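>>> 3D, please:
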Amino acid sequence: MNIHSPQGMKSWTGKEAIIPASNYIDPEFARREADGLWKKVWQMACREEEIPKVGDFYTYDIGDQSIIVIRSAADEIKAFHNVCPHRGRTLTEGCGHAARLFCRYHGWNWKIDGTDPRVVDRHEWAAEDLTNDDLSLMPVKVGRWSGWVYINMDPDSESLEEHLAPAKAFLDPFDIGGMNYHWRKSTILDCNWKVALEAFNEGYHVQTTHSQMLRYMDDWTQSYAHGRHAHFGYWEAMPMGSRSARLTGGQPTEDIRPGIRDYMEDMAATLNAGSSVQTVHAARRVEQEVPPGTPHLEVLMKFGQFIYEHALSLGLKWPDITPQQMQEAGIDWHLFPNQIMLMGATGLLGYRARPYGNDPDKCIFDVYSLQRYPEGQAPKVEHEWSQDHKDKDFWGLILTQDFANVAEIQKGMKSIGFKGARPNPKQEVAVLNFHRSLEDFLDEGYAA
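Residues are numbered from 1 along each chain as shown. Modelled structure (predicted):
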């Protein structure tokens, strides 16, 4: 029997495709995740650009675990459990630079590759009681892909390559590793990490939460599972720049040029994501240079051409990607367990949700924008924090609209009248697949 599900859920289809509230609110389920997920799964810790120099480190915290990610050589990144083997003090916090990793409690320290422990008054121990092998920092597996650094605390885990398949094949053509931070922000939300993540794992909510967007986009999406991962796109929706079919009764928009301009300008103003910032110029050219009455496909092809031309005029490297590859990749990918990205040829908007300690009702939520810059011109971007989820100047309209939902969802799931989440079987496949994959992973990897 599946102990996480009501009446022992045996199917993820039809009436049995219900996600129990306990998956989000139960401290016991959070404990299962702490042991059976976070200590065993590949997870994105940071971007390589956050640790550019030898000795630069990033402290990655997940639940009650803390990991040091450090550049130990010019092209080598290592990771260690963030704990002194003497008395258990953490060695690092946040980001920084170290010539040696140093414990501020008693002064023990190590080379940045975790070796050569120097122990204060070491002579007071018997030599056989305190060997270098005993004292070297405990390593954590590291993987690198597309500019991200991943860690896995399970030494016997599958490879990162295996974990990312088959999503990696869809995403590699975008050359995400050729992008750099445009901005990055974090906050603490009053909801479970899965509630926060799922707010960005489907497009079904747009028609209500972001209803202002219906004037320039048809919001109907399709969602597909790819092993543990999933993605969605607008393959059967009306062309970009069209008014939503919900507003027109399904009638096509005759002239999509103004809608494309409004879409890109609105995204740039309310999200400031790297991809939309660099497409506003092309959208304005479309309205100015493409004649009215031009067929929709030709308008969209011109839009793509203008994006390409503008990128080259800025000295940007264009990825080796075909229109077919862009179409097949859709717009939004969820990489199990907690990474979501909306990617384009010129930029990316990314999300990551992490548990806040062992509290199932809170999470750390990270949002970041990547974009392309001319060689050597990427800015140094500071990591910003905010606790005011209504601050539109800081977050932009769209994110504040999303944040307005999540605490109320967490509250509502505790109602005795709530029987469980029922994802849309077409538009929210990614959400259902996430929980199916999560429970499978916990069943395989968790030991009570």
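>>> wait, what's in contact with the residue nearest to Arg47 when sequence neighbours are not counted?
Once flanking residues are discounted, Arg47 sits nearest to Gly147: 5.5 Å by C-beta to C-beta, 6 or more residues apart in numbering. (Each C-beta comes from the backbone N, C-alpha and C, glycine too.) Going by C-beta atoms under 8 Å, 6 or more residues apart in numbering, Gly147 touches Arg47, Glu48, Glu49, Ile176, Gly177, Gly178, Met179.
>>> Surely the fourth one and Ser146 touch.
Meaning Ile176. Yes: with contact defined as C-beta atoms under 8 Å, Ile176 reaches Ser146; the gap is 4.0 Å.
>>> who's in contact with the nearest residue to Leu399 once chain neighbours are set aside?
Once flanking residues are discounted, Leu399 sits nearest to Val367: 6.7 Å by C-beta to C-beta, 6+ apart. When contacts are counted by C-beta under 8 Å, 6+ apart, Val367 touches Arg184, Lys185, Ser186, Leu349, Gly350, Tyr351, Leu399.
>>> so when I look at Val367, I'm seeing a strand, right?
Yes: the assignment for Val367 (DSSP: H, G, I helix; E, B strand; the rest coil) places it in a strand.
>>> Run through the bridge partners of it.
Beta-bridge partners recorded for Val367 (DSSP bridges): Lys185, Tyr351.
>>> And for His81?
With DSSP bridges as the rule, His81 is bridged to Ile67.
>>> so what pLDDT did it get?
As predicted, His81 sits at a pLDDT of 98.
>>> Pretty sure it sits against Ile151.
No: counting by C-beta under 8 Å, His81 does not reach Ile151; the two are 10.2 Å apart.
>>> in the protein, which helix or strand is least confident?
When the helices and strands of the chain are scored by mean pLDDT, DSSP states H and E, helix 274-277 comes last with a mean of 72.
>>> what residues does the very next helix or strand once past it touch?
Next helix or strand after helix 274-277 toward the C-terminus (DSSP states H and E): helix 280-289. Residues outside helix 280-289 that contact it (C-beta under 8 Å, 6+ apart) are 257-258, 260-261, 263-265, 268, 299, 302-303, 306-307, 309-310.
>>> let's see 7 Å
Under the contact criterion C-beta atoms under 7 Å, 6 or more residues apart in numbering, helix 280-289 has outside partners 257-258, 260-261, 264-265, 268, 299, 302-303, 306-307, 310.
>>> which of those are buried?
Arg257, Ile260, Arg261, Met264, Glu265, Ala268, Val299, Lys302, Phe303, Phe306, Ile307, His310 (16 or more other C-beta atoms under 10 Å).
>>> Show me the strands in the stretch 151-300 of the chain, by range?
In the stretch 151-300 of the chain, the strands defined using DSSP state E, counting those that start in this stretch lie at 180-189, 222-226, 229-233.
>>> For the last one, name the packing helices and strands.
Packing partners of strand 229-233 (3 or more C-beta pairs under 7 Å, 6 or more residues apart in numbering; DSSP states H and E): strand 222-226, strand 332-335, helix 429-445.
>>> returning to what we had before: would you mind measuring from the residue nearest to Arg47 to His226?
21 Å (C-beta to C-beta, to the nearest Å).
>>> Next: Ala311.
28 Å.
>>> cool, Val120 as well?
52 Å.
>>> Give me the more crowded residue out of these two.
His226 (18 against 11; other C-beta atoms under 10 Å).
>>> The more buried one contacts Lys168, doesn't it?
No: with contact defined as C-beta atoms under 7 Å, His226 does not count as touching Lys168 (10.1 Å).
>>> Okay, strands next: where are they in the stretch 301-448 of the chain?
Applying DSSP E, counting those that start in this stretch to the stretch 301-448 of the chain gives strands spanning 332-335, 339-343, 347-356, 359-371, 383-385.
>>> Dump the strands of the stretch 151-300 of the chain to TSV, plus mean pLDDT and distance to Leu432.
Converted to TSV, the strands of the stretch 151-300 of the chain look like this (pLDDT from 0 to 100; distance: least, C-beta to C-beta, whole Å):
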stretch	mean pLDDT	distance to Leu432
strand 180-189	97	22
strand 222-226	97	8
strand 229-233	97	9
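>>> Highest average neighbour count across the ones you listed: which stretch is it?
Mean neighbour count (mean count of other C-beta atoms under 10 Å) peaks for strand 229-233 among the strands of the stretch 151-300 of the chain, with a mean of 24.
>>> Direction included, what does that strand pair up with?
strand 222-226 (antiparallel), strand 332-335 (antiparallel).
>>> In CSV, list these along with distance to Pro85.
Output for these, formatted as CSV (distance: least, C-beta to C-beta, whole Å):
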stretch, distance to Pro85
strand 222-226, 41
strand 332-335, 33
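>>> quick one, which of those is nearest to Leu130?
strand 332-335 (41.9 Å; C-beta to C-beta).
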